[in-house]
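Trainee: Let me see the structure of the following:
(one chain, ligands or ions: 3)
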Amino acid sequence: MPLIIINAKVLNEDGQLELKTITTEDGVITGIYDQGTEVQAAGAETLDAAGKLVTPGFIDMHVHLREPGFEHKETIATGSLSAAKGGFTTIACMPNTRPITDDPETVKLVLDKAKEAGLVKVLPYAAITVNELGRELTDFAALKEAGAIGFTDDGVGVQNAQMMKDAMAWAASMNMPVIAHCEDNSLVEGAPVAEGEFARKHGLKGIPNESEAIHVGRDILLAEATGVHYHVCHVSTEQSIRLIRQAKQIGINVTAEVCPHHLLLCEEDIPGLNANWKMNPPLRSRRDVEACIAALEDGTIDIVVTDHAPHSEEEKAKGMQLAPFGIVGFETAFPLLYTKFVETGLWTLQMLVQRMTADPARVFGLDAGRLEVGAPADLTIVDLETEKTVDPSTFASKGRNTPFGGWSLKGWPAVTVVNGKISWAEDRVLN
Ligand SMILES: NC(=O)N[C@@H](CC(=O)O)C(=O)O
Ligand SMILES: [Zn+2]
Ligand SMILES: [Zn+2]
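Mentor: Ligands and ions are numbered 1, 2, ... in the order given. Predicted structure coming up:
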């Protein structure tokens, strides 16, 4: 059914907001008209955006949906709904499931379940190594054929340099990206939080910054040698950023992502031994946070991702040392960044929207992220006015593990449209 969105506030090329009418049909944007233009389409549904912001659907290139194997944490259906509620229309899911997504059957299973859920577009990554054990490469050709969009052992770093080099050479020959969780195990061994004041105060072992940057540096050299598109996961340190900035300057094909929590929180903010503040990479120093912000502003870091990583309350109740790493992210990402960076005047709305739409589409070559005639009708309608408090008990995700509970935010997604169909609308679920 054609969908017409009236009173849509749209960002123009200069970053100004203009009221428009958007028409869609068969999953495609068919027209963008000035406000007041008489638009007709037989049998169309009309949605009144009432002056709310309408952007290309948000894209999240780093998420954990937990299915198969960890359905008590999240399923592809609950994760898809949580993503839609957060305004995301395309998400790319990590292979650290059980079984690990390291064979074509599991890639297909993820795609089938995502289609069944039918709420957002789900792009699966496949593992670099069998079982993410770092010993043997997976079958990249078969995984690509099955629908994998890139290779990553997220959750763990590839420890062996030759293994990573072989992976990059193979991926490069197929024009596929390698996406790296950068962490040298020998420098980390059982540390639950970053080195710093918090670790000292609580007598915890600290994760040093160089455990991340040492892989970033190694991999940049390997990317240079192999010519692969190398994408760095969840960048969190000043040192990694320095290396990425330098690599980009000399033309190495490296891109990078950052998570909202690494732009907003540092280790000194951790209120106590509460594992909802435990994630990998950990919250680092104020200096690192400032470096991440500057890098996203100047384009050294290309995109924002959530690293949505749901865990059950029982798992998170095990305490700082024993609980698993990870926090949920879909439903707070845009409101957090809008409120803390756009409302405060630090960033333009245009910059934030680009880093969550056009930039991920560019980095990963997706047909998404643009509000243009002929583009897929993936749209997010955002209420920039209403202030609401983050209440984890209302999340669509099964995960409640967030450090942002109680934060008062604006910029809440109101309606999410995927392929011209409403996937989520405030308190309604439509399918
Ligand atoms: N980020 C996390 O803290 N956890 C992720 C793994 C990962 O992204 O490395 C998870 O799978 O739970
Ligand atoms: Zn990771
Ligand atoms: Zn992750």
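Trainee: Enumerate the residues of the stretch 51-200 of the chain near ligand 2.
Mentor: Listed as neighbours of ligand 2 in the stretch 51-200 of the chain under the rule C-beta under 5 Å from the ion: Asp154, His181. Where C-beta positions appear, they are placed from N, C-alpha and C, glycine not excepted.
Trainee: Strands of the stretch 51-200 of the chain, start to end?
Mentor: For the stretch 51-200 of the chain, applying DSSP state E, counting those that start in this stretch gives strands covering 53-56, 58-63, 88-93, 121-124, 178-180, 193-194.
Trainee: So what are the sheet partners of the shortest one and their directions?
Mentor: On the basis of DSSP bridges, the sheet neighbours of strand 193-194 come out as strand 206-207 (parallel).
Trainee: Same check on the third one?
Mentor: Here strand 88-93 is paired, per DSSP bridges, with strand 58-63 (parallel), strand 121-124 (parallel).
Trainee: Any part of that strand near ligand 3?
Mentor: No: against ligand 3, strand 88-93 shows no contacts by C-beta under 5 Å from the ion, the least distance being 9.6 Å.
Trainee: Make 16 the first number, not 1, from now on.
Mentor: Taking 16 as the first residue, the last one we looked at is strand 103-108.
Trainee: Could you see whether ligand 1 lies near that strand?
Mentor: No: shown here: strand 103-108 not in contact with ligand 1 (C-beta under 6 Å from any ligand atom), separated by at least 10.5 Å.
Trainee: Quick one: mean pLDDT for that strand?
Mentor: Average pLDDT, strand 103-108: 99.
Trainee: For that strand, list the C-alpha coordinates in CSV.
Mentor: Extracted C-alpha coordinates of strand 103-108, given in CSV (Å, rounded to 0.1, in the frame of the first residue of the first chain):
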residue,chain,number,x,y,z
PHE,A,103,16.9,1.7,13.3
THR,A,104,15.8,0.3,9.9
THR,A,105,19.0,-1.6,9.0
ILE,A,106,21.2,-3.5,11.5
ALA,A,107,24.3,-5.7,11.1
CYS,A,108,24.5,-8.6,13.6
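Trainee: what does it rub up against?
Mentor: 71-80, 91, 94-95, 98, 125, 135-140, 164-165, 345, 375, 379, 381, 383, 393-395, 431-433, 438 (C-beta atoms under 8 Å, 6 or more residues apart in numbering).
Trainee: likewise the second one?
Mentor: With C-beta under 8 Å, 6+ apart as the test, strand 73-78 has contacts from 94, 98, 101-109, 169, 194, 248-249, 272, 274, 318, 320-323, 344-345, 348-349, 371-372, 375-376, 378-379, 381, 383-384, 395.
Trainee: Around ligand 3, pick out the residues from the stretch 66-215 of the chain.
Mentor: Counting by C-beta under 5 Å from the ion, the stretch 66-215 of the chain comes close to ligand 3 at Asp169.
Trainee: count of neighbours near Ser408?
Mentor: 6 (other C-beta atoms under 10 Å).
Trainee: got a list of what the residue in the stretch 216-365 of the chain that ligand 3 sits nearest to touches?
Mentor: With C-beta to the ion as the measure, Asp322 is the residue of the stretch 216-365 of the chain nearest to ligand 3, at 4.4 Å. Neighbouring residues of Asp322 by C-beta under 8 Å, 6+ apart: His77, Val78, His79, Cys248, His249, Cys274, Met294, Gly341, Ile342, Gly344.
Trainee: what about the first one, distance to Val273?
Mentor: Think His77. Distance, His77 to Val273, using C-beta to C-beta, to the nearest Å: 10 Å.
Trainee: With Glu282 instead?
Mentor: Distance, Glu282 to Val273, using C-beta to C-beta: 16 Å.
Trainee: Over to Val137?
Mentor: Counting by C-beta to C-beta, the gap from Val137 to Val273 is 22 Å.
Trainee: Compare the two (neighbour count), which wins?
Mentor: Val273 (25 against 22).
Trainee: Can you give me the distance of Met191 to ligand 2?
Mentor: For Met191, the distance to ligand 2 equals 19 Å [C-beta to the ion, to the nearest Å].
Trainee: Test my guess that that residue contacts Gly162.
Mentor: No: using C-beta atoms under 8 Å, Met191 is not in contact with Gly162; the gap is 11.9 Å.
Trainee: any common contacting residues for the two?
Mentor: Counting by C-beta under 8 Å, 6+ apart, nothing touches both Met191 and Gly162.
Trainee: Between those two, tell me which one has more neighbours.
Mentor: A count of neighbours by other C-beta under 10 Å puts Met191 above the other of Met191 and Gly162, at 21 against 15.
Trainee: check contacts around the more buried one.
Mentor: For Met191, counting by C-beta under 8 Å, 6+ apart, the contacting residues are Phe155, Lys159, Ala163, Ile164, Gly165, Phe166, His244.
Trainee: quick one: which of those is most hemmed in?
Mentor: If you rank the contacts of Met191 by neighbour count (other C-beta under 10 Å), Phe166 sits at the top with 29 neighbours.
Trainee: separation between that residue and Leu386?
Mentor: 31 Å.
Trainee: for the closest residue to Ala290 other than its chain neighbours, helix, strand, or coil?
Mentor: Sequence neighbours aside, Ala338 is the residue nearest to Ala290 in space, at 3.4 Å (criterion: C-beta to C-beta, 6 or more residues apart in numbering). Secondary structure, DSSP: H, G, I helix; E, B strand; the rest coil: Ala338 is coil.
Trainee: For the helix or strand hosting Val231, name the packing helices and strands.
Mentor: Here Val231, judged by DSSP states H and E, is contained in helix 225-241. If contacts are counted by 3 or more C-beta pairs under 8 Å, 6 or more residues apart in numbering; DSSP states H and E, helix 225-241 sits against helix 176-188, strand 193-195, strand 245-247, helix 253-264.
Trainee: re the thing from before, for His77 and Val273, list the residues in contact with both.
Mentor: Counting by C-beta under 8 Å, 6+ apart, the residues touching both His77 and Val273 are His249, Val320.
Trainee: that older thread, generate a markdown table for the helices and strands packed on helix 225-241, with mean pLDDT as supplementary columns.
Mentor: Shown next, in a markdown table, are the helices and strands packed on helix 225-241 (pLDDT from 0 to 100):
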| stretch | mean pLDDT |
| --- | --- |
| helix 176-188 | 99 |
| strand 193-195 | 99 |
| strand 245-247 | 99 |
| helix 253-264 | 98 |
